[in-house]
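Peer 1: just coords:
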């Protein structure tokens, strides 16, 4: 938990005093990141501001730091997922939602996508098969999203989430069995884990805690039946790549051209390309598929 905000879980810490701190309380330093109290003792406390959707640049990761009183996007995503689950419960008439109408029409089944139901690549990311399935994903989203929304800004954070979702769907189309059914926000959640890894590397903070969490979750994906490993791996890779495009992409520019405007163009262009790649993989698999087509009867 952040030492200044006890209600905020965080995997980051000050490299000077070692206290755990959220991105709002950290400032990039020559080595790692220092908390605001350590900076205050040096008389170098930096001005902060409130972000908005069109934030310019990656703020406290690159550029001036900012404060977020409430992680609006994270809370909104949680609210949408919970609302959709309640819809599936109402449609099923019970908490046994696996054969409810929203699930059957929205989950990823390769055969249905091959037949042209591409919307499933997106809708599957907001459907869950049980209360436990929903709870695990939403708790993870709450823990990861609060920090990342501050680090990336609302707009970029939402793009990373969506790209991770489509990346997980692409991996499902590539690797999941024909009879497999896939739904849940876990692909996007793993994308946020990949994003957090890139952020801590940029802040020069030890990545060991984040890597440990990723490894544990991947091992669980391998060993526990009923979990979509392709969705997790695909989301992880695309989430990390999207965040790297935003944070490190502008560094590819010549020094004389590293203006804020050019950095924005490069970052958003990278996000756009990755989104198109993730969708294109799924579509390519669907249009070139020649095997047996299995669909679930509704």
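Peer 2: Looks like it arrived, so ask away. Treat the numbers as computed from the prediction; the structure is a model and nothing was measured.
Peer 1: Show me what the helix or strand harbouring residue 200 packs onto, helices and strands only.
Peer 2: Assessed by DSSP states H and E, residue 200 sits inside helix 186-202. Counting contacts by 3 or more CB pairs under 8 Å, 6 or more residues apart in numbering; DSSP states H and E, helix 186-202 packs against helix 131-152, helix 154-175, helix 208-223, helix 229-247. For every residue, glycine as well, the C-beta is placed using N, CA and C.
Peer 1: mind checking how far it is from the chain centre?
Peer 2: Between the centre of helix 186-202 and the centre of its chain there are 6 Å (CA atoms, centre = their mean, to the nearest Å).
Peer 1: in this protein, which residue is closest to the centre?
Peer 2: Centroid-nearest residue in the chain, with CA atoms, centre = their mean: residue 192, separated by 3.0 Å.
Peer 1: Not including adjacent chain positions, what is the nearest residue to that residue?
Peer 2: Leaving aside its chain neighbours, residue 192 sits nearest to residue 144 (4.2 Å; criterion: CB to CB, 6 or more residues apart in numbering).
Peer 1: and the nearest residue to residue 112 once chain neighbours are set aside, how far is that from residue 109?
Peer 2: Ranked by CB to CB, 6+ apart and with sequence neighbours excluded, the top spatial neighbour of residue 112 is residue 295, at 5.2 Å. Computed as CB to CB, to the nearest Å, the residue 295 to residue 109 distance reads 6 Å.
Peer 1: Among the two, which residue is more densely surrounded?
Peer 2: Remark: of residue 295 and residue 109, residue 109 carries more neighbours, 24 against 15, as counted by other CB atoms under 10 Å.
Peer 1: List the contacts of the more buried one.
Peer 2: Shown in contact with residue 109 (CB atoms under 8 Å, 6 or more residues apart in numbering): 120, 180, 181, 182, 294, 295, 296.
Peer 1: Done for today, thanks.
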